[in-house]
Structures are given as structure tokens and as C-alpha cells.
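Student: Structure, please.
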Amino acid sequence: MKHRLAILSVVALGALAGITAVYRAAYTPEELAARQSRASEVDWDNVTVDTAERMTLCILIGSTGREGSWIEQLLEERFNIEIKPIFLGPAAYSYGKPLMMAGGDVPDMLLEPDPIMVQRDAYHGFLMQLPRRVILKHAPNYVRALNQGDAVGWLYANWNGQNYGIPNTFLSLRWSVPGVWRADWLENVGIDTVPETLDEMHEVLRRFTFDDPDGNGKQDTWGMSGDVTNWWWASFADIFGAYGVLPFDWMERDGVAVWGGTLPEAKQALAVLRAWHEEGIIHPEFVTDKSRESLHRKFYNGVTGYIYYDGKHQVLDPDEPNSLVQKMKTLNADARVVCGAFPTGPEGKRGGRVWSGGHVVAFGRHMEERPADVIRVLRIFDTIVSDEELYLDSHLGKRGEHWDFRDPAVGPSSGVTRIGDYTDTNVARRECLGSMESGPFFPLCGAPDLVDKYTPKKEIDFNWRYRHPDWALRDVLGKPDAVPSAGELLGDLRNYQMTTFAEIIRGDRPLDYFEEFVSSWMQRGGAQMTKEATELLREKARIYAEVGAQ
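Tutor: Below is the predicted model:
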């Protein structure tokens, strides 16, 4: 622990110049080559597991918390283990973890938030190979739950054809997220239905801009703004979705991986946005609106009448004290909002970007010397997803003390909520309380039907009506940084694309510059990433066949 504190104090002083630099300083090239070439020496078929022996497990956790929480004690007693947690808050995790590992302090088990982190840590020999067949053998119920949720998580644990951990998934990310309209403005400009097509959306945005929807006699409103520099919030993704395109993700065309932003359909979407901007119905600050907060400020204050990516039940629930509906009422008692629809394009396509969220639970390389403990962890995962009561306890805590149903008389279909002091997020974190989707110590997710059972029925109904899975457009590789060279190339290419798209929409460059952009994107590293993405797409098919995923 003194060693860990010493390392973290270095972090606090800002000694880390960069994650990659620290990793590469840990070993010489010769040492790295030796670590990478050494295959796992574990004879998995002849490992003997003794659950009567108490197992100690050091777990690195990417959140705040305290040792000895109720959930920790529950798991320790149920599975005859002793958990030694190391808590690093989310901000510290990204730079604290690599410092610890570069210093030789590798935990028994840790969470890898993104594929690129798995690749880096596997490359540097910090992680243990865990054959997929071992997971299939010892955690079949967990595998079934994962495959039902989002099997693409298997790719996140893959590096050089080898598996380096147990993937998980976030089931809340199954659903697409449409936009939200000012319902009172629709009424004020003579529109009695929510627009369903691009043409209808254009007409509403035009009226919101020029027909004085707030009735103040001034032309001080716009249809919408955007956040073109934040690809992760998928700004304008509903417009690109009307042409079936994910501009900042990998897509599949005839068995080959392609970058959505280089497709001809992306140019069609840019043409629409360019025309709308020239017409004046997109706020001129769309380039400098660099946060969701900025977009919300315009929507709250009656500057714009449409905002994308807010069409969620909890955001529009009038019973939620911090919902968008309540915030709007606080600022303007007459303001009303309504969930929008993904606009349909000229070929009947519609949809929006959906995160293929998920992490990897990895094991330190030294766990090759303790394969029985790895198998025990796999069996723990399998038991938790197979035991509904244990699943709830290990994720939410003790019912009646930490959580309860929103309406106990209704039960699970009313949803779950924290109670007492644990409604305070900071208190809940200190007590290591998780969510229906992820436990604090074993961050695994159950099958969709289990999670949905404890989701409010009205939320499920809302999702099927406004956020239908058919409208969910997702990266064919799960996450854009799944390709090996993404760490080196993707950041620059993404910035180049965001800048170019903003310039085309604003009219600083002609629309036909798009072809030059595509050519330059390929030359700057896009061709290499595309080749790797296609190889990974084929690897995905092989992995899916191995694990029984669709």
C-alpha cells in the first residue's frame, strides 16, 4: 500500500507526461519482445479448484469507495474470498493505472474501459491471456447473457487473435436516442404533429427561425444548433442517420469495413446541413458550441427549438426533479417539450448513433500462477447472473437499506431507486453501490430480460415507441478505437474530419471538397486503419462462431 500511495503522490504532482511514454519506459524493446512472445503456460484442462481455500483478490476499481462495504462483505462470505480493493476515481484512473502498472504494481483483476487500453496493456505484457474456451466452460450462463446483450464486447478483449479478459456490456445502450422539440413552439407556428421526415423537419426549423415562435416580435430564434466538434455526442447524427450513415464509426459494406464519414451518403447529409446553414436555420455558433451544456443553454433559454440526443424517458419525465421538463418549467412556465422522431430520409432510412458500450475485466499476467483463482472468478460471474437475488444484492446493495422499488406495491416493473442517505450520489459511491447494469467489484451485466424486469414499464414502453432498436445505428466493431493503429492515427484523422465537415457546412469550403477530404483521409492513415478494420471484421466473425454469438 505504501508503494501505491507513493506512486499516486507522483500522479498528484503531474509527473506523468503521457500514458504511452510511461508504458514504454517500463521495459526495454528486448524485454517487451520477450514478454509478448511468451505464450500462456497454463494447462487449463488440469487446473484443480478448491473453493474451501480462502481466495484473496486485489481488484483495481475505477471509482471512489471504501473497503469493507456491505456488498464487499456479502461477496466475501458467499464465495469464501477476501477482496482487497484499490479505489481510483474516474479522473485518476486513466493516469493512475498506467503509473501503477509501469511501476510493477499490477493488480490481480482490473477494469479496462476501452479496447485501446487492452491492446496497450497486453502489448506491454501486463495482462494474462484467458482463452475464450475457458470462459465458455466455466461461465456458460454469463456468456449467454453477454451474447444476448451485445456480443461485440468480445472484440474489446481481443489482441493479436488472443483473448485478454472477460468482456461485459451496457444494456442501456441498446436504445437509440432521438431529439426533443418545443411543443409550444410547434403549436405557435401552426404545426400540430412532430416532424417525421427530413422535409418536414426542414419546414419546422424554418418556421422556428422566421415565424416568431416565442411571440416576442423579434427574429431572435433558430431552429437548432449543433456541436460538430464533439463526435462522441454524435451531433447531427440524426441527419446523417437519415442517409444510413455513421460519420465517425466503422460500417460494413459488402463484407468490408468502411469509415462512415468517407461514404457518398455522408456527402449527401453534409449537403443538407450546408443548405440549412446557408438558409439560416442552424445557429451560427454551431461550430463553437463545444459541449452539451452549451446546446442545452440555448434550448432552455428559448434560442433554439430542437435539440438532438435528449429523447430519453428520464429526461422527459415530469416526475423527475432534474428532468429537462422540470428545468424548462423553472425558466418558462409556458414551455412544453415533446419527444421527436428520427427523421426519415429520401430512401426511407432513419436512425441515430448508439454507443456499443462495454468494458473488459482483465487479470494481471502474474495470475498465470493462480489459474484456479481465475476459474473461481469465472464461476462467481456465472453464479451472479444465474441468481436473481444475488444479482440484485451484488449490484444495488441490501433492499430496504440501500434501495427499494419505486413503488413497493407494484414491485420490479416500477423500477428501483436508492433510498435514505444513499440518494446522495457521493454517499452511494462510498458504500460501493452499483446499478442494475454493473456491480462495483465484479462489473458484469445480466441478460436483457433480467435488467428489463427491474426497469420501469413506462420507460420500456417509451423506448419501444421512440427509441426502437431498428433505429439504433452502431459501429460494426463496437468502438472506433478497436483497430490496432487507432491509438496512433484516429485522433488526428478525427480532428481533421470534424474540421473539414464544419468548414463544408459553414460554406468555407465547397461541397465537392468532400472527395479531396476522402483522399487525404486515406493518405493520412485511414487506408491503414481501414485494412486493419476489415481484418478485425473477419476476426469478429471467427470469434462469434467460437462463442456462439449471432
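Student: And stretch 66-75, end to end?
Tutor: Across its full length, stretch 66-75 reaches 15 Å end to end, with CA to CA, to the nearest Å as the criterion.
Student: correction: stretch 340-355
Tutor: Distance between the two ends of stretch 340-355: 20 Å, counting by CA to CA.
Student: Not counting residues beside it along the chain, what's closest to Ala237?
Tutor: The spatially closest residue to Ala237, leaving aside those adjacent along the chain, is Arg353, at 4.4 Å (CB to CB, 6 or more residues apart in numbering). C-beta: built from backbone N, CA, C; applies to glycine.
Student: Repeat that for Tyr306.
Tutor: The shortest distance from Tyr306 to any residue other than its chain neighbours is 4.2 Å, reached at Met224 (CB to CB, 6+ apart).
Student: ok, back up a step: does the residue nearest to Ala237 touch Ser235 like I think?
Tutor: No: in this structure, Arg353 is not within contact of Ser235 by CB atoms under 8 Å, at 9.8 Å.
Student: where's Ala541 relative to Ala472, distance?
Tutor: Computed with CB to CB, to the nearest Å, the distance linking Ala541 and Ala472 is 21 Å.
Student: Which one's more surrounded, those two?
Tutor: Neighbours per residue (other CB atoms under 10 Å) separate Ala541 from Ala472, with Ala472 holding more: 20 against 11.
Student: so how far is Asp184 from the more buried one?
Tutor: On the measure of CB to CB, Ala472 and Asp184 end up 30 Å apart.
Student: One more: Gly357?
Tutor: For Gly357, the distance to Asp184 under the criterion CB to CB works out to 35 Å.
Student: Thr417 now?
Tutor: 31 Å.
Student: Which one's more surrounded, those two?
Tutor: The residue with the greater number of neighbours, taking Thr417 and Asp184 and applying other CB under 10 Å, is Asp184; the counts read 19 against 14.
Student: Can you give me every residue that contacts the more buried one?
Tutor: Residues in contact with Asp184 (CB atoms under 8 Å, 6 or more residues apart in numbering) are Asp334, Ala335, Arg336.
Student: And for Asp452?
Tutor: Residues in contact with Asp452 (CB under 8 Å, 6+ apart) are Leu171, Ile460.
Student: If you count neighbours, what's buried in the helix or strand containing it?
Tutor: Secondary-structure element containing Asp452, defined by DSSP states H and E: helix 448-453. Within helix 448-453, the residues scored as buried using 16 or more other CB atoms under 10 Å are Pro448, Leu450, Val451, Asp452, Lys453.
Student: Verify the stated contact: the second one with Glu388.
Tutor: Spelled out, that is Leu450. Yes: between Leu450 and Glu388 there is a contact at 6.7 Å, judged by CB under 8 Å.
Student: between the buried residues of helix 448-453, which is nearest Ile380?
Tutor: Leu450 (16.8 Å; CB to CB).
Student: now that closest one: how far from Ser438?
Tutor: The value you get for Leu450 to Ser438, if CB to CB is used, is 13 Å.
Student: Leu110 now?
Tutor: Noted for Leu110: a distance of 15 Å to Ser438, by CB to CB.
Student: same question, Ala242
Tutor: Distance, Ala242 to Ser438, by CB to CB: 33 Å.
Student: same check, this time on Asp45
Tutor: Counting by CB to CB, the gap from Asp45 to Ser438 is 32 Å.
Student: what about the stretch 101-250 of the chain, any weak spots by pLDDT?
Tutor: Residue ranges of the stretch 101-250 of the chain with pLDDT under 70: 229, 232-234.
Student: Can you show me the strands along it?
Tutor: Per DSSP state E, counting those that start in this stretch, the stretch 101-250 of the chain carries strands over the ranges 109-112, 158-159, 162-163, 166-167, 180-182, 222-224, 250-253.
Student: tell me what the second one is packed against?
Tutor: Other helices and strands packing on strand 158-159, by 3 or more CB pairs under 8 Å, 6 or more residues apart in numbering; DSSP states H and E, are helix 115-123, helix 527-547.
Student: ok so, going back, what's the residue nearest to Tyr306 in contact with, if anything?
Tutor: Taking CB under 8 Å, 6+ apart, one finds Leu205, Phe208, Ile281, Ile282, His283, Thr304, Gly305, Tyr306, Ile307, Tyr308 in contact with Met224.
Student: related to what we said a few turns ago, hey, what's the residue nearest to Ala237 bridged with?
Tutor: Leu473 (DSSP bridges).
Student: quick one: pLDDT of it?
Tutor: Arg353 is assigned 91 on the pLDDT scale.
Student: Among the strands of the stretch 101-250 of the chain, show me which one is buried the most.
Tutor: Across these, averaging neighbours per residue (mean count of other CB atoms under 10 Å) puts strand 166-167 on top, at a mean of 31.
Student: For the buried residues of helix 448-453, give me CSV that also has distance to Leu489 and pLDDT.
Tutor: Shown next, in CSV, are these (distance: CB to CB, whole Å; pLDDT from 0 to 100):
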residue, distance to Leu489, pLDDT
Pro448, 35, 90
Leu450, 39, 92
Val451, 36, 92
Asp452, 39, 93
Lys453, 43, 95
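Student: okay if I get the residues you listed as a markdown table plus distance to Ala533?
Tutor: As requested, the buried residues of helix 448-453 are exported to a markdown table (distance: CB to CB, whole Å):
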| residue | distance to Ala533 |
| --- | --- |
| Pro448 | 27 |
| Leu450 | 33 |
| Val451 | 30 |
| Asp452 | 32 |
| Lys453 | 37 |
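Student: what about the host helix or strand of Glu77, distance to the chain center?
Tutor: According to DSSP H and E, Glu77 maps onto helix 70-79. Centroid displacement of helix 70-79 relative to its chain, using CA atoms, centre = their mean, to the nearest Å, is 28 Å.
Student: Which SSE is immediately downstream of it?
Tutor: Assigned by DSSP H and E, the successor of helix 70-79 is strand 81-87.
Student: ok, that next one: who's next to it in the sheet?
Tutor: Strand 81-87 sits in its sheet next to strand 55-61 (parallel), going by DSSP bridges.
Student: mind checking the SS state of the residue sitting nearest the centre point of the chain?
Tutor: Centroid check for the chain by CA atoms, centre = their mean gives Gly357 as the closest residue, at 3.5 Å. Of the three states, Gly357 takes coil under DSSP: H, G, I helix; E, B strand; the rest coil.
Student: which strands and helices sit next to the helix or strand in which Val385 is found?
Tutor: With the criterion set as DSSP H and E, the secondary-structure element containing Val385 is helix 371-386. For helix 371-386, the helices and strands in contact under the criterion 3+ CB pairs under 8 Å, 6+ apart are strand 55-61, helix 70-79, helix 132-138, helix 140-150, helix 388-396.
Student: what's the closest of the ones you listed to Gly217?
Tutor: For the helices and strands packed on helix 371-386, distance to Gly217 was read as CB to CB. The smallest value, 50.9 Å, belongs to helix 140-150.
Student: Off-centre distance for that closest one?
Tutor: 18 Å.
Student: In the sheet, which residues pair with the closest residue in space to Thr534 that isn't next to it in sequence? Tell me.
Tutor: Among residues not flanking Thr534 along the chain, Ala257 sits closest, at 4.4 Å (CB to CB, 6+ apart). Beta bridges link Ala257 to Glu252 when assigned by DSSP bridges.
Student: Does Ala257 touch Pro480 like I think?
Tutor: No: taking CB under 8 Å as the definition, Ala257 is not a contact partner of Pro480, at 10.7 Å.
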